[in-house]
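> output the structure for:
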Amino acid sequence: MPSDERISRALQALAVRVTAFRTALATARDEMRKHEASHRGVERDRAHSAALALGAFAAGRIDTQRFGTLLADERSLSPEAARTLAMCADVLDELLARGDALFVHRMPSGGLLRGKVDSVLAEVGRAFAAARVFQTVRRGAPAIPAHVSMLRDFPFALWSRAERDLAPPLVIQLDGADLRAEHLVEYLDGAVRIALVVDGPASPAPLVRLIAPSVLVVQARDVAAFDALDRAPGPAVAALLPDGCAELLHDPRAGARLDERLTISRTAGAQKGEALGWRSARQALDEVAQLDALAEVCRAARDVSVVVVPPLLDGSGDLDGSRAVDAVAAWMLAQAGFPTGGTT
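Sure, this is the predicted structure:
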């Protein structure tokens with residue numbers, strides 16, 4: 001477990017997804033190894049059968065292993081296919097051996113967030129490539145050079161919808177100056193979860209650019225905010241930011257309207273319009289302006305009240321058309337602060 005308390009807390013919040021991914025890798029790896037063992041057993045059986053068929057005559061004269069290939073059944077594999085399947089299992093073994101390092105990554109200062117996330121997901125994506133290649137070769141398709149390439153690198157852009165729904169969570173530690181949240185947009189699909197642990201000064205509202213109806217977005221200064229990632233129905237990103245930054249929660253589960261989904265709070269000391277790293281002062285101002293505009297939209301929507309017109313009945317309990325119209329008009333004028341006459 002990483003020593004940084006913030007990272008440990010993020011992993012704790014993502015424990016369910018981490019365990020699910022590891023279990024999926026282990027299960028697939030075990031199936032691949034079992035298939036390998038079964039194939040080796042078939043090869044031994046064929047060699048033994050050949051030896052029995054040829055008898056003493058073959059001793060020292062015929063390679064019964066090679067001769068046994070003539071007795072191949074539906075479970076047999078070519079040597080090349082067998083090597084490819086072994087490579088698939090090796091990939092999963094390698095990924096499993098990394099432990100938490102499979103999910104936790106440190107981005108070097110000055111690095112590009114898009115490049116980091118893309119390389120990490122391409123590396124983890126090798127698990128999905130291994131599953132694809134294994135199933136293809138096991139069904140009898142020949143092993144091809146492209147299979148080896150997939151096992152070395154399998155980028156997120158090639159992942160299927162089902163694979164994106166099984167995406168492993170990521171915890172990325174980076175400098176605030178390098179937090180270009182817009183770089184994450186193309187990866188927020190399926191069940192992708194990204195926790196950002198930010199060091200040093202950061203733009204006051206970097207994640208405002210990620211708000212979309214299906215994406216859970218959290219900016220906070222309390223590590224407890226990472227807990228929201230576990231409850232997200234779809235893609236989610238949470239950033240633990242330094243003091244002075246805005247705090248916001250956009251939760252798709254909260255309702256259909258933006259004012260239901262979005263909660264914004266910002267301390268009075270939040271910085272505005274300062275250039276930082278890749279972010280220019282003008283870009284920072286745009287982020288804060290967008291945050292303020294969203295806050296105003298939400299406030300206006302929440303302030304709208306429902307106007308209730310009281311029922312208007314005559315003494316008998318029945319509506320009187322002309323009197324009802326006059327009474328409603330008088331009531332509306334009174335609500336607006338205008339004096340009303342004696343119209344009845």
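
> what residue ranges in the stretch 1-150 of the chain score low on pLDDT?
Along the stretch 1-150 of the chain, the model assigns pLDDT under 70 to residues 1-3, 40-77.

> Gln219 touches Ser203, doesn't it?
No. At 10.3 Å, Gln219 does not count as touching Ser203 under the criterion of C-beta atoms under 8 Å. For the C-beta atoms, the positions are set from N, CA and C on the backbone; glycine is no exception.

> gap between the spatially most central residue of the chain and Arg164?
Most central in the chain under C-alpha atoms, centre = their mean is Val192, positioned 0.8 Å from the mean C-alpha point. According to C-beta to C-beta, to the nearest Å, Val192 and Arg164 sit 7 Å apart.

> for Asp30, same thing?
Asp30 is 24 Å from Arg164, where distance means C-beta to C-beta.

> so which of those two has more stuff around it?
Higher neighbour count among Asp30 and Arg164: Arg164, with 17 against 12, using other C-beta atoms under 10 Å.

> now do the contacts for the residue nearest to the centre of the chain.
Val192 makes contacts with Arg164, Ala167, Pro169, Leu170, Pro235, Ala236, as judged by C-beta atoms under 8 Å, 6 or more residues apart in numbering.

> what does stretch 115-129 rub up against?
Residues outside stretch 115-129 that contact it (C-beta under 8 Å, 6+ apart): 24-25, 28, 91-92, 95, 102, 105, 107, 150-156, 158-160, 163, 166-168, 170, 172, 174, 183-184, 187, 194.

> 7 Å instead?
The contact list for stretch 115-129 (C-beta atoms under 7 Å, 6 or more residues apart in numbering) reads 25, 91-92, 95, 102, 105, 107, 150-151, 153-156, 159, 163, 168, 170, 172, 184, 187.

> got it, and stretch 148-156?
For stretch 148-156, contacts defined as C-beta under 7 Å, 6+ apart pick out 87-88, 91, 118, 121-122, 125-126, 128-130, 133, 187.

> so which residues of the stretch 201-344 of the chain form helices?
Counting by DSSP state H, counting those that start in this stretch, the stretch 201-344 of the chain has helices at residues 227-231, 258-261, 281-303, 321-335.

> between these, which gets nearest to Ala81?
Of all those, helix 227-231 sits nearest to Ala81, with 40.6 Å by C-beta to C-beta.

> and the closest one, what's buried?
Across helix 227-231, burial judged by 16 or more other C-beta atoms under 10 Å covers Asp227, Ala228, Leu229.

> avg pLDDT for it?
The average pLDDT within helix 227-231 is 92.

> what packs against it?
helix 5-13, strand 236-240 (3 or more C-beta pairs under 7 Å, 6 or more residues apart in numbering; DSSP states H and E).

> the longest one vs strand 236-240, what angle?
Relative orientation of helix 5-13 and strand 236-240, computed by axes from the mean of the first three to the mean of the last three C-alpha atoms, to 10 degrees: 160 degrees.

> so which elements touch helix 5-13?
strand 170-175, strand 193-199, helix 227-231.

> got TSV for those, with distance to Ala289 too?
Below are the helices and strands packed on helix 5-13 laid out as TSV (distance: least, C-beta to C-beta, whole Å):
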stretch	distance to Ala289
strand 170-175	24
strand 193-199	22
helix 227-231	25
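
> and the ones you listed: which comes nearest Gly277?
Smallest distance to Gly277 across these (C-beta to C-beta): 7.2 Å, for strand 170-175.

> for the record, mean pLDDT for the closest one?
What strand 170-175 shows for mean pLDDT is 98.

> which residues touch it?
For strand 170-175, using C-beta under 7 Å, 6+ apart, the contacting residues are 7, 10-11, 103-107, 109, 113, 116, 120, 194-200.

> distance from it to the middle of the chain?
Relative to its chain's centre, strand 170-175 lies at 14 Å (C-alpha atoms, centre = their mean, to the nearest Å).

> that one pairs with which strands, and in what direction?
According to DSSP bridges, strand 170-175 forms sheet pairs with strand 104-106 (parallel), strand 193-199 (parallel).

> pick the most deeply packed of these.
Highest mean neighbour count of these: strand 193-199, a mean of 25 (counted as mean count of other C-beta atoms under 10 Å).

> so Pro108 belongs to a helix, correct?
No. With DSSP: H, G, I helix; E, B strand; the rest coil as the criterion, Pro108 is coil rather than part of a helix.

> residues near it, how many?
Counted by other C-beta under 10 Å, the residues lying close to Pro108 total 9.

> re earlier: quick one: pLDDT of the residue nearest to the centre of the chain?
Model confidence at Val192, given as pLDDT, is 97.

> distance-wise, check it relative to Glu296.
Val192 sits 30 Å away from Glu296, going by C-beta to C-beta.

> before we move on, back to that, kindly write the PyMOL command that selects the buried subset of the contacts of stretch 115-129.
Command for PyMOL that selects the buried part of the contacts of stretch 115-129, burial taken from 16+ other C-beta under 10 Å:
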select buried, resi 25+91+92+95+102+105+107+150+151+154+156+159+163+168+170+172+184+187
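
> sticking with the residue nearest to Pro168 when sequence neighbours are not counted, tell me its helix or strand.
Using C-beta to C-beta, 6 or more residues apart in numbering and skipping residues adjacent in sequence, the residue nearest Pro168 is Phe21, 4.2 Å away. For Phe21, the element it lies in under DSSP states H and E is helix 15-54.
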